[in-house]
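Participant: Fold the following and give me the result.
(chains A, B, C, D, E and F)
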4 protein chains.
Amino acid sequence: MQPAVRLAGRRRDPRTDVAAIEAVLDLVGSGATLSGLSLVTIADRAGVSRNSLYRRWKTKDELYLDVLDAINKPLPDLRRPTARDELIAHLAVLIERTLDNRASSMLRALLAEAAAFPELHRRYFDEIVTPRREASYQIIRRGIAAGEIRPDIDVALVNEVLVGPILARLGSGGTEGLDPVQTSRRIVDLVYAGVQAS
Amino acid sequence: MQPAVRLAGRRRDPRTDVAAIEAVLDLVGSGATLSGLSLVTIADRAGVSRNSLYRRWKTKDELYLDVLDAINKPLPDLRRPTARDELIAHLAVLIERTLDNRASSMLRALLAEAAAFPELHRRYFDEIVTPRREASYQIIRRGIAAGEIRPDIDVALVNEVLVGPILARLGSGGTEGLDPVQTSRRIVDLVYAGVQAS
Amino acid sequence: MQPAVRLAGRRRDPRTDVAAIEAVLDLVGSGATLSGLSLVTIADRAGVSRNSLYRRWKTKDELYLDVLDAINKPLPDLRRPTARDELIAHLAVLIERTLDNRASSMLRALLAEAAAFPELHRRYFDEIVTPRREASYQIIRRGIAAGEIRPDIDVALVNEVLVGPILARLGSGGTEGLDPVQTSRRIVDLVYAGVQAS
Amino acid sequence: MQPAVRLAGRRRDPRTDVAAIEAVLDLVGSGATLSGLSLVTIADRAGVSRNSLYRRWKTKDELYLDVLDAINKPLPDLRRPTARDELIAHLAVLIERTLDNRASSMLRALLAEAAAFPELHRRYFDEIVTPRREASYQIIRRGIAAGEIRPDIDVALVNEVLVGPILARLGSGGTEGLDPVQTSRRIVDLVYAGVQAS
DNA sequence: ACTTAACCGAGACGGTACGTCGCGTCTTTTT
DNA sequence: AAAAAGACGCGACGTACCGTCTCGGTTAAGT
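Facilitator: Sure, this is the predicted structure:
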C-alpha cells in the first residue's frame, strides 16, 4: 500500500492515525451511525484537519477498515484440562469484550448497516465472527472426542445456545458490572446439565 | 391531535399513511439508518409529496412510532399440554417473525441507534421485547410448577439460552429457508436434555 | 429558456435577480475580479442564499451575461444639424457612461480577463463596442458627404482619435467632476482644427 | 534585505528569479489575474519549488514589483529636427511596446485591479505612465515654442488624442502585424491637419 | 578533504473557500 | 382543506488550493 521508500517531504504525523481511529470509536460508542458519520465530524473530534484525514483515507470505508483492525485482538490460548473449562474460558473472553462499550457499539453499528458497507461486513465476518465460532466449534468437538459431550448434538446449535446470553445482553446494553467468569460458568453449567427435571 | 370537528375541504387520503410506513420498512430493510432517513427520502419512495407527510407527522420519531406499531403484532395464544410444546410454539413464532426481513431490519436498526431515539427505544422494549420475554418466563415457570423443568434453574438465563440461535441468525442474516417449528423443536430438545454425556 | 407554462409551485422571487446583479456591479466596482468573484461572495453581498443563485445561473459566466445586459443601455438618437454637433453629442454620451463607475469597472474587468471569458467578451464587443463604433462611423461619413469633413481621412482612425481622451481617463480613473458636453466639445474642436500652426 | 555577510552554504540559483518572472508574464499574458495568481501556480509554471519562491518574495506584491521592473525599459532618446518627427518616433515606441502581448497584458491586468494592489499601481503610474506622458508633453511644448504647433491648444488633450488609437487597439487586442512607424505617422498627420474640410 | 550552512524539491499540515446536496419550511396552483 | 410542485434559507459535505512547515539530499564557501 505504502511506497517502499520515501525520498523526500515532510512525514505524516503518526498520532493523526490513532486520533482518527479513537475519534470514530468514541463517536460510534455514543450513538453515531457509520453512514451518519462524516470525515468532517471525525476530524473535528480528533482535533485534526479534514485535509489530513482525506490524505490518509479516500472514503469512510477505508477508515472503518482500520478501525476494525484496531479492535480486532486475537483470541488468547484457552487450553484447559476439560472442554467444560475451555468453554467457560472462551465465553468469559467474549463477555469481557462485550463489556468494552466502544468495540461492541462498533460491531452493533456495523451489523445494522451491513448492506451499506458490504466489504466492511465481509471482513467483520471473516476476521472476527468466524474465528470466534471456529474456536468454539473445536472446543466442542474435542469435548465429544473426549467423551465429555454427547456425540449426537449439532455443534453449531450448541455454540449458538451458549452465546445466547451474550447476544441478549448485547442487545439490551445492560452489561454493566457483570463478572465474566462467573457468568460464563453459569451458562455452561446450564447447557451441560439441561433443564429437564430428572 | 386531530381537530375536533372537520368543517370542510378535501379529506386526507388514507393510502398516504400506509404508503409512508411501507416506504420506511422498505428503506430500512435495504440498509437505511433511522437517523439517516429523511422525510424527503421517505416521501419520494412513497410517491407522496413532502407536505403530506409533514402534515401527518411533525418529526421522524412520530412516524417511526407508527411504523413500530405496524410491525408489532400481538403474540398468539400458545397454550399447549406441556411446557415443552409451549416453548416450541413460542420460539417458532419468534423465528417466523425473524424471517420477515423488513421487520427484523427495523429492530436491528433501532438497536444500533437506541441512543438517538430514546422514546422509540423505550417503546420498543415495553411493547415488543418485554412481552416476549414475559411470555417465555411464564411458560418456564409453569413447567417448573408442573415438575417438568428443574426448579433450581435461572429462568432468565434459560430464556436467553433458548433465544440464542435466533439472535445468532438475526446477526448473520442467514435466515433463508428455515423451518420455524422444526428448528424450534431442535433447540428445545437440546436445552432440555443438555449436552453432557451421560 | 423558461418552460412555457408553470403549473404549480412557489414562484421565484424576482428581487433576487436584481439583487444579484447589483451585487456583482458593487463588487466589481470596488475592485473585484470576474474570475476572483464567486457565487458565494455574490450571494452574501446580495443577501440571498447560495442556493437561489445556483438555481438561476449554472455558472458565473451566465450571471455575468445578465449583468452585461443590465448595463447595456441603447444609444439615444443623436440627429443634429451638423456632423460636428452630432459628434459632440455622441462623445458626451460616452463620457457620461464612463462616469458611471460601476459600469466602467465592469468593462475594465472584462477587458483584463477577456481570455478567461471568451463568450462574454464576444458579446461585449458585439453589443457594446461595435454599436458605439458604428454610430461614430456613420456620423463621420455623413460629415464627409455633407462636405463638412475632408473625404481623404481614415474614418476608423478619426474615431480612435476622438475617443482617445475617454480611454485615457478610463485608465487613469480620474473622471470625477467632468462635464460631458463641455469636454466633448473641446475634443471635437481640437480634432476638427488640428494642432498645426497655420 | 540580504544578510551583511554570507559565510557559507549553497548559493541561490539565479535562474529561479528569471523563471519566476517569466512565468508571471506568461500566465498573465494568457489571461490570469494578478489576484487570481498564486505563488503555487507560478512555481509550477516556473518549474521551481514553492519554497524557492517564498524564500525570495514574501508576498505576491513584491514579486509583481520585480515583474514590473522587468518590463519597464526606459524610453530611448527621441531628438529629431521637428516636433512632428519626434511625436512620430515617440508614438512608434509606444506602439511597438503595445505589440508585446505579455507586457501589455500585465499593464491591462494591473489597470483592472488597481484597487487591490495600490502600491503596485502607484509605481506603475510613477515609473511608466508619467514618464511617457511627460515625454510627450515636452515634445508638444517644444513644438509650440518652435512655432510648429498652435500655442492655444491644451497640451494634455493633444497627448490624449494622439494616444487614442493606441489605447483603442490595446482594448481590442488587434495589434497583430501593424507597422509602428507607419501607423504613428498617419496618426500625427491626422492630428496635425485636423479633419475639417477647408 | 572536511565542515557547515544555506538552498532545493517533495510533501504533509491547518485553514479557508468553493460548488453541491439534502433537509425542513414556505408559497402557489390545482383538485 | 388537502395535494403537488417547487423555490427558499440553512447547514454539512468532499474537494481544492493556499501559504507554512518539515523533512532528506545537494551544493559550495571556508577551514
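Participant: In chain A, which residue sits closest to chain D?
Facilitator: For chain A, the residue closest to chain D is residue A:8, as judged by Cβ to the nearest Cβ, at 10.3 Å. To be clear about C-beta, it is placed using only N, CA and C from the backbone, and glycine gets the same treatment.
Participant: Tell me the spacing between that residue and residue D:48.
Facilitator: As for residue A:8, its distance to residue D:48 is 15 Å (criterion: Cβ to Cβ, to the nearest Å).
Participant: Looking at those two, which has the bigger crowd around it?
Facilitator: residue D:48 (19 against 4; other Cβ atoms under 10 Å in any protein chain shown).
Participant: Going by residue numbers, what spans are helices in chain A?
Facilitator: Counting by DSSP state H, chain A has helices at residues A:14-29, A:39-46, A:50-56, A:60-71, A:83-99, A:101-112, A:118-124, A:130-145, A:155-172, A:180-193.
Participant: and of the ones you listed, who's closest to DNA strand F?
Facilitator: Taking Cβ to the nearest atom of the strand as the criterion, DNA strand F comes closest to helix A:39-46 out of those, the separation being 3.2 Å.
Participant: per-residue confidence averaged over that closest one?
Facilitator: Averaging pLDDT along helix A:39-46 yields 96.
Participant: hmm, it in reach of DNA strand F?
Facilitator: Yes - against DNA strand F, helix A:39-46 shows contacts by Cβ under 7 Å from any atom of the strand at A:39, A:40, A:41.
Participant: ranking the residues you listed by neighbours, who comes first?
Facilitator: In the residues of helix A:39-46 next to DNA strand F, the most neighbours by other Cβ under 10 Å go to residue A:39, 19 neighbours.
Participant: if I pick it, what's in contact with it?
Facilitator: By Cβ atoms under 8 Å, 6 or more residues apart in numbering or on different chains, the contact set of residue A:39 is A:50, A:53, A:54, A:57, A:60, A:63.
Participant: How about the last one: what's its closest non-neighbour residue?
Facilitator: What that stands for is residue A:63. Leaving aside its chain neighbours, residue A:63 sits nearest to residue A:57 (4.1 Å; criterion: Cβ to Cβ, 6 or more residues apart in numbering or on different chains).
Participant: now do residue A:139
Facilitator: Closest to residue A:139 by Cβ to Cβ, 6+ apart is residue A:86, at 4.6 Å.
Participant: Report the separation between the one you found and residue B:41.
Facilitator: Distance, residue A:86 to residue B:41, by Cβ to Cβ: 49 Å.
Participant: Over to residue A:167?
Facilitator: Using Cβ to Cβ, residue A:167 is found at 31 Å from residue B:41.
Participant: so who does the closest residue to residue A:146 other than its chain neighbours touch?
Facilitator: Take residue A:146 and drop its neighbours on the chain: the residue closest to it by Cβ to Cβ, 6+ apart is residue A:83, 6.4 Å away. By Cβ under 8 Å, 6+ apart, residue A:83 lies in contact with A:139, A:140, A:142, A:143, A:146, A:148, A:149.
Participant: need those in JSON lines with distance to residue D:117 and neighbour count, can you?
Facilitator: Listed next are the contacts of residue A:83 as JSON lines, based on distance: Cβ to Cβ, whole Å; neighbours: other Cβ atoms under 10 Å in any protein chain shown:
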{"residue": "A:139", "distance to residue D:117": "78", "neighbour count": "26"}
{"residue": "A:140", "distance to residue D:117": "80", "neighbour count": "24"}
{"residue": "A:142", "distance to residue D:117": "82", "neighbour count": "15"}
{"residue": "A:143", "distance to residue D:117": "84", "neighbour count": "25"}
{"residue": "A:146", "distance to residue D:117": "88", "neighbour count": "12"}
{"residue": "A:148", "distance to residue D:117": "88", "neighbour count": "16"}
{"residue": "A:149", "distance to residue D:117": "86", "neighbour count": "24"}
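Participant: Make a markdown table from those residues and add distance to residue A:172 to it.
Facilitator: Output for the contacts of residue A:83, formatted as a markdown table (distance: Cβ to Cβ, whole Å):
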| residue | distance to residue A:172 |
| --- | --- |
| A:139 | 26 |
| A:140 | 26 |
| A:142 | 32 |
| A:143 | 29 |
| A:146 | 35 |
| A:148 | 32 |
| A:149 | 29 |
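Participant: circling back: as JSON lines, the helices of chain A with distance to residue C:77 would be great.
Facilitator: As requested, these are exported to JSON lines (distance: least, Cβ to Cβ, whole Å):
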{"stretch": "helix A:14-29", "distance to residue C:77": "71"}
{"stretch": "helix A:39-46", "distance to residue C:77": "60"}
{"stretch": "helix A:50-56", "distance to residue C:77": "60"}
{"stretch": "helix A:60-71", "distance to residue C:77": "67"}
{"stretch": "helix A:83-99", "distance to residue C:77": "89"}
{"stretch": "helix A:101-112", "distance to residue C:77": "75"}
{"stretch": "helix A:118-124", "distance to residue C:77": "73"}
{"stretch": "helix A:130-145", "distance to residue C:77": "89"}
{"stretch": "helix A:155-172", "distance to residue C:77": "86"}
{"stretch": "helix A:180-193", "distance to residue C:77": "97"}
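Participant: Report the separation between the nearest residue to residue A:119 once chain neighbours are set aside and residue A:37.
Facilitator: The shortest distance from residue A:119 to any non-neighbouring residue, by Cβ to Cβ, 6+ apart, is to residue A:61 (6.3 Å). According to Cβ to Cβ, residue A:61 stands 11 Å off from residue A:37.
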